[in-house]
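Chemist: Take a look and give me a structure for this.
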Amino acid sequence: MKVKEVAILLGLLVIFNFFSWSFLFYLRDEKLRVVFFDVGQGDAILIRTPRKHHILIDGGPGNKVLEKLGREMPFFYNTIDLVILTHPHSDHVSGLIEILDRYRVKEVLCTGVLGETAVAREWSRKIEETGYRKAQAGQRISANDFYLDILYPAEDFQGEHVDDLNTVSIVSRFVFREDYSFLFTGDAYADQEKEIISYKEECRRKEKADCDFLLLNSDVLKVGHHGSRTSTSEEFLEAVFPEVAVIMAGEGNRFGHPHRETLEKLEEHGVKIKRTDLHGDIVFNISSPKK
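Modeler: Numbers count the residues shown, from 1 in each chain. As a prediction, the model looks like this:
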């Protein structure tokens, strides 16, 4: 065998060995991984469980989420188990259009509310073709090591037009092995936060047996509406009682997010603040149980 042929063979063996070890490492990773992607002024969050369930909440503006996913998911794995669109504003839905084209998406969860922009209409067209599950408060999506509860909205907005899409954002709570919890709020305002709290209080007053899905206390809070002062009320913070707050905002954005009032409120409650505009991608790698 010629020297050149030997070199090529050795090179192929090295490449094969590298990808084999990468595959084994990926399969044996026993941690929950939650990544709040820095996609600029928008939301895109990936949840990967130890059993390799992949959940993507929102897709951010543009297609930056594709690059982010390419780093988080190996090339040999192109399946996303669940895509959740909180609401069809461009800074949440744009990246999901390409996701539906490039990845094998098993299920889509959204309210089915209609948006007015071209990208919102394209999203509606695609999910009508592929099918989706309508999100509504009280739903629970579960597997062996996690569950995800839908807390809001309680009303049916499928096929409806609303004046402000932020007011119908899906709010959900993800719980890993009954031990770690994340609260995802989309762009919900303080009024929606108060509605969620009132649902919980009403449920308990009526002594219903299924009020657990309205639990709010969470280790990590994804702050509503990019840290705007229209969200994250005192009442809501007290109910959630988070250790960490994640604010997803673009560096130097024209909206002035996050607002100083929101930051001060979080600081007063002793919450550790992480921001995509300052820290880039924010990653949680979690083993269980808590120590």
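Chemist: Please count neighbours and contacts with C-alpha atoms only from this point.
Modeler: Will do.
Chemist: The stretch 151-291 of the chain: strands as residue ranges?
Modeler: Taking DSSP state E, counting those that start in this stretch as the test, the strands found in the stretch 151-291 of the chain are 171-176, 180-184, 220-222, 244-247, 272-275, 282-286.
Chemist: so is residue 121 in a helix, a strand, or just coil?
Modeler: Here residue 121 is recorded as helix under DSSP: H, G, I helix; E, B strand; the rest coil.
Chemist: How about the contacts made by it?
Modeler: Residues near residue 121 by C-alpha atoms under 8 Å, 6 or more residues apart in numbering: 114, 115.
Chemist: Now do it against residue 92, distance only.
Modeler: Distance of residue 121 to residue 92, given as C-alpha to C-alpha, to the nearest Å: 14 Å.
Chemist: try residue 233
Modeler: 22 Å.
Chemist: okay, the two: which has more neighbours?
Modeler: Taking other C-alpha atoms under 10 Å, residue 233 and residue 92 do not tie; residue 92 has more neighbours (25 against 19).
Chemist: okay but that one is in contact with residue 86, surely?
Modeler: Yes: assessed by C-alpha atoms under 8 Å, residue 92 is found in contact with residue 86 at 7.4 Å.
Chemist: quick one: common contacting residues for these two?
Modeler: residue 58.
Chemist: any idea how far residue 201 lies from residue 136?
Modeler: Using C-alpha to C-alpha, residue 201 is found at 18 Å from residue 136.
Chemist: So which of the two has more stuff around it?
Modeler: residue 136 (21 against 14).
Chemist: Help me confirm that that one comes into contact with residue 158.
Modeler: No: using C-alpha under 8 Å as the test, residue 136 is too far from residue 158 to be in contact (10.1 Å).
Chemist: Return every residue with contacts to both of the two.
Modeler: residue 111.
Chemist: Single out the most deeply packed of the strands of the stretch 151-291 of the chain.
Modeler: strand 220-222 (a mean of 25; mean count of other C-alpha atoms under 10 Å).
Chemist: which residues touch stretch 39-52?
Modeler: By C-alpha under 8 Å, 6+ apart, stretch 39-52 touches 27, 29-38, 53-61, 64-65, 91-92, 145, 186, 226, 248-251, 253, 276-277.
Chemist: got it, and stretch 187-201?
Modeler: 151-152, 166-171, 211, 214-215, 224-226, 230-233, 235-236, 239.
Chemist: By neighbour count, which bits of that stretch are buried? Give me those.
Modeler: Neighbour-count burial for stretch 187-201, counted by 16 or more other C-alpha atoms under 10 Å, picks out 187, 188, 189, 190, 192, 193, 196, 197, 199, 200.
Chemist: got JSON lines for those, with pLDDT and distance to residue 49 too?
Modeler: Converted to JSON lines, those look like this (pLDDT from 0 to 100; distance: C-alpha to C-alpha, whole Å):
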{"residue": "187", "pLDDT": "98", "distance to residue 49": "25"}
{"residue": "188", "pLDDT": "98", "distance to residue 49": "26"}
{"residue": "189", "pLDDT": "98", "distance to residue 49": "29"}
{"residue": "190", "pLDDT": "98", "distance to residue 49": "30"}
{"residue": "192", "pLDDT": "97", "distance to residue 49": "29"}
{"residue": "193", "pLDDT": "97", "distance to residue 49": "27"}
{"residue": "196", "pLDDT": "94", "distance to residue 49": "27"}
{"residue": "197", "pLDDT": "93", "distance to residue 49": "28"}
{"residue": "199", "pLDDT": "80", "distance to residue 49": "29"}
{"residue": "200", "pLDDT": "73", "distance to residue 49": "28"}
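Chemist: lowest-pLDDT helix or strand in this structure?
Modeler: Counting by mean pLDDT, DSSP states H and E, the chain has its least confident helix or strand at helix 3-28, which shows a mean of 47.
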